[in-house]
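**Student:** What follows is a predicted protein model with its sequence.
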Amino acid sequence: MPALSLSPRDRLLKILGSFALALSLVALALMVVFLVKETGLLDGTFPGWSIFSLRTPWLPLATPPSFGFGHALVATLIVTGFSLALAVPLGIGIGIFAAELAPPWMGKVLQPALELLAGIPGVVYGFFGYVTFVRWFGDWFNLATGETLMTAGLVLACMILPFIASTSAEALKVVYRDYREAVLGLGVTQGCLFRRVVLKKAFPGLAAAVALGLARALGETLAVLMLAGKTAAMPGGLLSRGQPLTALLATELGETAAGSPKYRTLFSAACLLLLAVAGLNALILLLKRRLLEQLHD
Amino acid sequence: MTSFLDRLFRGSVWLCGLVGLALPVWIVGFILAHGARALSWNLLVGRPSGFPLGSEGGILPAILGSLALVVLGLAVALPIGLGAGLYLAEFCTSPNVRAWSRAAVEVLAGVPSVLYGLFGYAFFVVFLRMGISLLAGGLVLGLVMLPFILISAQEAFTAVGAQYREATLSLGVDRAAWILGVLLPKARSRILAGLVLAVGHAMGSAAPVLFTASVFYSKGGLAFGQPVMTLPTHLYFLVSEGISLEHAFATALILVAGLFLFNSAAMLLRYYMREL
């Protein structure tokens, strides 16, 4: 940018702009600092590392009370694991479909359809799951209630599907564009083209799609809150009820005295979530950069 | 053998594609069909009533509360996001500042909204003693929208071609004239697209306002210091307290249809202002 001289009102705009940027960064930093501060790690009121242990139960009303959110960690692992197991193959399949096999008109319909899916609020997904899967699963599996980790995972899979599908379609489109003619010209099949060439070249993009799906699944609150069935017991499997991390936060925060050990425990859980998601987001940025570099080689 | 594997590959990809097309149709259709049956004029303009509360009457306070929260959030996030995006695209001369600010904002744009809610509770509600209020919730929603607006503003400004910049500045006008006269009008359609995403996301998410702004029932008055009802939290309360599935269907429909109408209106607006 050439160093043109700035007029007084230019300087005003520049100062206002830099002020706005500083304010944005300070606000975002303040959020991180405050979430960490509320764990009590900085002023010695941290309730102790045993809250992360799977063996410490969640018994807020016992004497003495015990705050361990191991059950929530396990529930989160089960729910996100199940939703990824469903949404990753399906999402990448949709990505391949959109990038290569779909007739043009279907490709054109698919994108707004996925955007529609991505635009539905989590609470509406939760409600949708409540009046469909919760009812059905209760009958099918002979449960007292259809609210299970599997129900939550299934709906979560629908929610992260559009993100996985459109991110992988984006990566696959570029790779197919560069290699389609050259490889198909050798007389190999579509399946072979995908397995031998596209999968390797688009790998960073597909990994970014999975990481994005995982980050969304870890942080989704309302749907899992409404569908997983609130219980502080350690979940035994897919069909048991459970309380994922975000559901624990949403359920308990409203009735927790600020500064109490329970409050500190909830914010410790939140920081763990923040760390996981921020790490995943950083990974996504790196993977996308890798994909771009690889394509420019 | 190869042709069988190839057919299997094509078949499964087609199956995935069809599921991708059918899923949105099913979910949206389900909500439309059931919601339309439960919808009435009284629901749109009335207040919650009946016993248990919310099983009769309307959801007007929730509609107004959601709108007020988003407008308040926008009033904070739009000028700041635009200004910061403008600074990064137009005035910032250090590549390091640009890259690191951008990375920080992008990482935080992906942070789950429940964490914004927790921060809002700890900072605005408890630390700044705003209480559970419209003000606290609006500020939290502003924070939720800020990264989206900032990123889309910066990208919109950067996307305006360098030839316009050179042509304008070579006329001897100052930067402000270039920014106000050419850059903003050229970029506004893209900025609007980002804005729509941010507002849609903020309007639909319950987690940030659940413990910062919302209550199950308010008489409908809007004041900065008072809590409000919102559409997403109202839907959540209706379902989790088992109050009325019929009203829940109607609330879900209004929320989804509202977001859809808002998106369509913005798309139309974009179409009309796509060029200077």
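**Tutor:** Structure received. Bear in mind that the values here come from a model prediction, so they are computed numbers and not experimental data.

**Student:** Contact partners for residue B:181?
**Tutor:** The contact partners of residue B:181, taken as Cβ atoms under 8 Å, 6 or more residues apart in numbering or on different chains, are B:168, B:173. Placement of C-beta: from N, CA and C, glycine included.

**Student:** Distance of residue A:242 relative to chain B?
**Tutor:** 16 Å (Cβ to the nearest Cβ, to the nearest Å).

**Student:** May I have the phi/psi pair for that residue?
**Tutor:** For residue A:242, the backbone dihedrals are phi -170, psi 180 (criterion: degrees, to the nearest 10).

**Student:** Repeat that for residue A:45.
**Tutor:** Dihedral angles for residue A:45 - degrees, to the nearest 10 - are phi -100, psi 10.

**Student:** Dead centre of chain A: give me the residue that sits there.
**Tutor:** Nearest to the mean C-alpha position of chain A, by Cα atoms, centre = their mean, lies residue A:216 at 1.5 Å.

**Student:** tell me which element it is part of?
**Tutor:** According to DSSP states H and E, residue A:216 maps onto helix A:203-219.

**Student:** Report pLDDT for the nearest residue to the residue nearest to the centre of chain A once chain neighbours are set aside.
**Tutor:** Nearest non-adjacent residue to residue A:216, counting by Cβ to Cβ, 6 or more residues apart in numbering or on different chains: residue A:160, 4.8 Å away. With respect to pLDDT, residue A:160 scores 96.

**Student:** ditto for residue A:65
**Tutor:** For residue A:65, pLDDT reads 88.

**Student:** now swap in residue B:164 and tell me
**Tutor:** pLDDT, residue B:164: 90.

**Student:** who are the neighbours in contact with residue A:31?
**Tutor:** Applying Cβ under 8 Å, 6+ apart, the residues contacting residue A:31 are B:108, B:111, B:115, B:116, B:119, B:123, B:143.

**Student:** From what I see, the fifth one and residue A:36 are in contact.
**Tutor:** No: counting by Cβ atoms under 8 Å, no contact exists between residue B:119 and residue A:36, whose distance comes to 10.5 Å.

**Student:** Between the two, which has more neighbouring residues?
**Tutor:** Between residue B:119 and residue A:36, counted using other Cβ atoms under 10 Å in any protein chain shown, the more crowded position is residue B:119 (26 against 17).

**Student:** thinking again about what came up before, now tabulate the contacts of residue A:31 in JSON lines and tack on distance to residue A:268 and secondary structure.
**Tutor:** As requested, the contacts of residue A:31 are exported to JSON lines (distance: Cβ to Cβ, whole Å; DSSP: H, G, I helix; E, B strand; the rest coil):
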{"residue": "B:108", "distance to residue A:268": "20", "secondary structure": "helix"}
{"residue": "B:111", "distance to residue A:268": "17", "secondary structure": "coil"}
{"residue": "B:115", "distance to residue A:268": "13", "secondary structure": "helix"}
{"residue": "B:116", "distance to residue A:268": "18", "secondary structure": "helix"}
{"residue": "B:119", "distance to residue A:268": "14", "secondary structure": "helix"}
{"residue": "B:123", "distance to residue A:268": "17", "secondary structure": "helix"}
{"residue": "B:143", "distance to residue A:268": "22", "secondary structure": "helix"}
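
**Student:** Just give the number of residues close to the one residue in the stretch 151-297 of chain A that gets nearest to chain B.
**Tutor:** Ranked by Cβ to the nearest Cβ, the top residue of the stretch 151-297 of chain A for proximity to chain B is residue A:219, at 2.4 Å. The local packing of residue A:219 (other Cβ under 10 Å) involves 24 other residues.

**Student:** Once you drop chain neighbours, what's closest to it?
**Tutor:** residue B:112 (2.4 Å).

**Student:** OK, contacts around the one you found?
**Tutor:** Applying Cβ under 8 Å, 6+ apart, the residues near residue B:112 are A:218, A:219, A:220, A:221, A:246, A:273, A:277, B:207.

**Student:** Give me the phi and psi angles of the residue of the stretch 101-250 of chain B found nearest chain A.
**Tutor:** Closest to chain A within the stretch 101-250 of chain B is residue B:112: 2.4 Å, counting by Cβ to the nearest Cβ. According to degrees, to the nearest 10, the main-chain angles of residue B:112 amount to phi -60, psi 140.

**Student:** I'd like to know how far it sits from residue B:208.
**Tutor:** Distance, residue B:112 to residue B:208, using Cβ to Cβ, to the nearest Å: 10 Å.

**Student:** In this structure the residue of the stretch 151-297 of chain A closest to chain B contacts residue A:247, no?
**Tutor:** No: the pair residue A:219 / residue A:247 is not scored as a contact, 11.6 Å apart, by Cβ under 8 Å.

**Student:** Let's see the strand or helix carrying residue B:235 as CSV, backbone CA atoms only.
**Tutor:** Using DSSP H and E, residue B:235 maps to helix B:231-240. Below are the C-alpha coordinates for helix B:231-240, written out as CSV (Å, rounded to 0.1, in the frame of the first residue of the first chain):
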residue,chain,number,x,y,z
LEU,B,231,-38.7,-17.3,20.9
PRO,B,232,-36.0,-20.0,21.3
THR,B,233,-36.1,-20.1,25.1
HIS,B,234,-39.9,-20.0,25.1
LEU,B,235,-39.9,-23.1,22.8
TYR,B,236,-37.4,-24.7,25.2
PHE,B,237,-39.5,-24.0,28.3
LEU,B,238,-42.7,-25.2,26.5
VAL,B,239,-41.1,-28.5,25.7
SER,B,240,-39.0,-29.2,28.8
